[in-house]
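K.L.:
Provide a 3D model corresponding to the input given below.
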Amino acid sequence: MKKSRGRTGRKRRRKHLQSFKDGVSCSHKLEYIKLKKWLKDRGFEDSNLRPAEFWDTGRGLMTTKAFQAGDLIISLPEKCLLTTGTVLSSCLGEYIMKWKPPVSPLIALCTFLIAEKHAGEKSLWKPYLDVLPKTYTCPVCLEHDVVSLLPEPLRKKAQEQRTTVQELYMSSKAFFSSLQPLFAENTGTIFNYSALEWAWCTINTRTIYMKHSQRECFSLEPDVYALAPYLDLLNHSPNVQVKAAFNEQTRSYEIRTNSQCKKYEEVFICYGPHDNQRLVLEYGFVVMDNPHSSVYVSSDILLKYFPPLDKQRNAKLSILKDHDFLENLTFGWDGPSWRLLTALKLLSLRADEL
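P.N.:
Got it, this is the predicted structure:
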């Protein structure tokens, strides 16, 4: 059949293109049907948001109604949230409470995710685990030859991130071994580095901020994590503003928008005023036309253009290093940052001005 070239054909093609831009609903897929039923059993009711695939952002949430500033986007009951309280209530709880020195809230959550993923069909959290990403694009997951292509400041941060996760794994192996009575399979096979890397990325990229009271069974690191099923499908945009917090009255985590959103558009939240380097490091993506974009100036580049014969050079560098002014030096849309200007000014001082 020949492709229609008339007005009707053009309208049909425009409509098809627009529907693709607006997003293609995924709510008919079995994993999302099971997730919604699982959430409903825990008190979550929602008819305004549906999972969808978008051409520019991938998986996200589409609204079936227009939102106005001040509207409630989502209200997720406490029973749906995965926190350290959830972990302590599980079979892992007694092992965490008696382990010395105490594990961190982060490693407790990582352990729970790995254990529940291993449990498969037996896990009470399976409907949520089934919709979590199988892989991530954070720098810690990238091959070394890919990381080597990154700009120097980002490459350095990426290498630091990899070291952090590797050290976390090595320092947790003894605790993982203590869990052997809970598993038929060897814990070394279950709690391997790849499993921890996946769990760490899940928590790092998907948790909401929710402060919990300090428990003696955990280390002194802040316990501020909560995984929020379905809510964590909301993607980031630097061009929207939201209010997000746990509502003590409703015992739910709520997000209200300060922006408008048309019917059948993707609903966005803002993860924070992050530049693309921060977004890559923390979440594994970048934003086009990011108003918070910055170019990072490494200390090597900074020093390259200053006289090597400056007798005060070492003293100046010592001052900058002591006050942490050799890192996070940037150019933004509005010019050099205050930190960069301060470093440049100090390096430019004459001996009698220092």
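K.L.:
what's the burial count for T202?
P.N.:
21 (other Cβ atoms under 10 Å). In short, each C-beta sits where N, CA and C put it, glycine included.
K.L.:
Equivalent analysis for S178, please.
P.N.:
S178 has 14 neighbours, counted by other Cβ under 10 Å.
K.L.:
I figured it hits M97, correct?
P.N.:
No: counting by Cβ atoms under 8 Å, S178 does not reach M97; the two are 11.8 Å apart.
K.L.:
what phi and what psi does the backbone show at Y253?
P.N.:
The phi and psi values for Y253, taken as degrees, to the nearest 10, are phi -90, psi 120.
K.L.:
got the contact list for it?
P.N.:
Each residue near Y253 by Cβ atoms under 8 Å, 6 or more residues apart in numbering is listed here: 75-76, 78, 81, 208, 210, 226, 228, 231, 244-247.
K.L.:
quick one: which of those residues is nearest S299?
P.N.:
The closest of the contacts of Y253 to S299 turns out to be I208 (Cβ to Cβ; 34.8 Å).
K.L.:
immediately after whichever helix or strand that closest one is part of, which helix or strand?
P.N.:
In this structure, I208 sits in strand 207-209 according to DSSP states H and E. Counting by DSSP H and E, the next helix or strand C-terminal to strand 207-209 is strand 225-227.
K.L.:
quick check: mean pLDDT across that next one?
P.N.:
On average, the pLDDT along strand 225-227 is 97.
K.L.:
Quick one: distance of it to the chain centre.
P.N.:
How far strand 225-227 lies from its chain's middle: 11 Å, per Cα atoms, centre = their mean, to the nearest Å.
K.L.:
How about stretch 301-320?
P.N.:
Using Cα atoms, centre = their mean, the offset of stretch 301-320 from its chain centre is 37 Å.
K.L.:
distance between the ends of that stretch?
P.N.:
By Cα to Cα, to the nearest Å, the extent of stretch 301-320 from end to end equals 15 Å.
K.L.:
same question, stretch 50-60
P.N.:
The first and final residues of stretch 50-60 sit 8 Å from each other (Cα to Cα).
K.L.:
Contacts for it, please.
P.N.:
With Cβ under 8 Å, 6+ apart as the test, stretch 50-60 has contacts from 20-27, 29, 32, 61-62, 64, 233-235, 266-268.
K.L.:
What are the buried residues along that stretch?
P.N.:
50-52, 54, 57, 60 (16 or more other Cβ atoms under 10 Å).
K.L.:
likewise stretch 111-118?
P.N.:
Neighbour-count burial for stretch 111-118, with 16+ other Cβ under 10 Å as criterion, is recorded at 111-118.
K.L.:
and of those residues, the nearest to K40?
P.N.:
Distances from K40 to the buried residues of stretch 111-118, taken by Cβ to Cβ, are shortest for E116, at 20.2 Å.
K.L.:
what's the helix or strand for the closest one?
P.N.:
If you go by DSSP H and E, E116 is part of helix 105-119.
K.L.:
who does that helix touch, helix- and strand-wise?
P.N.:
Contact here means 3 or more Cβ pairs under 8 Å, 6 or more residues apart in numbering; DSSP states H and E; on that basis helix 105-119 packs against helix 84-88, helix 126-129, helix 152-178, helix 187-190, helix 193-206, strand 225-227.
K.L.:
highest average neighbour count across the ones you listed?
P.N.:
Of all the helices and strands packed on helix 105-119, strand 225-227 has the most neighbours on average by mean count of other Cβ atoms under 10 Å, namely a mean of 24.
K.L.:
So which elements touch that strand?
P.N.:
In terms of contacts (3+ Cβ pairs under 8 Å, 6+ apart), strand 225-227 is packed against helix 105-119, helix 193-206, strand 207-209.
K.L.:
what's it in contact with?
P.N.:
When contacts are defined by Cβ under 8 Å, 6+ apart, strand 225-227 is touched by residues 81-84, 105-106, 109, 128, 202-203, 206-210, 253.
K.L.:
Okay, helices next: where are they in the chain?
P.N.:
Per DSSP state H, the chain carries helices over the ranges 7-22, 30-41, 84-88, 93-98, 105-119, 126-129, 144-147, 152-178, 187-190, 193-206, 276-283, 299-304, 313-322, 338-348.
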